[in-house]
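Undergrad: below is the structure, and that's it, no one-letter string:
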């Protein structure tokens, strides 16, 4: 009986929370993602200066989280870039994965915003083992130009490590157009 009561209470909470989700107000459950261009991507092996690259490529992000009011939301965000590389036949992906905080300054559909995040930096040359993720930072800002649509510029910096070889420094600057369901 106890399990049934807990199940009913839990189901009631989930249904009540989902009833307010996606009501067009920037609060409650949020889900978003975008595509764009990364004009500046950099990686470099600290111990081997010849192992480095400065290129441009494609960019994407995805986030999922909660907005507790019309101005503030906290999300888990993946913000990555990819490109064809001289170092890998199939390309390379690097990016940020972690907790990000978004603050909007104006009303829904017409608002500048800033974002800051702390998490991990990932580095995956296709055909090779992924490097060990280490700390990463994401900073950015943009403008929500219509309800559910925004454009933003992001800067991500961080490190990874390849066991037995070297530590790597990473950075990328990207410009993305994203849609946000709320």
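TA: Cool, the structure landed. Bear in mind the structure is a predicted one, so any value in this text is a computation, not a measurement.

Undergrad: residue 132 touches residue 162, doesn't it?
TA: Yes - with contact defined as CB atoms under 8 Å, residue 132 reaches residue 162; the gap is 7.3 Å. Placement of C-beta: from N, CA and C, glycine included.

Undergrad: spit out the residues that contact these two alike.
TA: Shared contacts of residue 132 and residue 162, defined by CB atoms under 8 Å, 6 or more residues apart in numbering, are absent.

Undergrad: neighbour count: these two, which is higher?
TA: residue 162 (18 against 15; other CB atoms under 10 Å).

Undergrad: grab the nearest non-local neighbour of residue 59.
TA: residue 174 (3.6 Å; CB to CB, 6 or more residues apart in numbering).

Undergrad: mind listing what that neighbour touches?
TA: Going by CB under 8 Å, 6+ apart, the list of residues near residue 174 reads 36-39, 59, 61, 79, 81, 153-154, 156.

Undergrad: so among these, which ones count as buried?
TA: Neighbour counting by 16 or more other CB atoms under 10 Å classes 36, 38, 59, 61, 79, 81, 154, 156 among the contacts of residue 174 as buried.

Undergrad: and the lengthiest strand in the chain, which residues are buried?
TA: Counting residues, the longest strand found in the chain (DSSP state E) is strand 28-45. For strand 28-45, burial by neighbour count (16+ other CB under 10 Å) applies to 28-30, 32-34, 36, 38, 41, 43-44.
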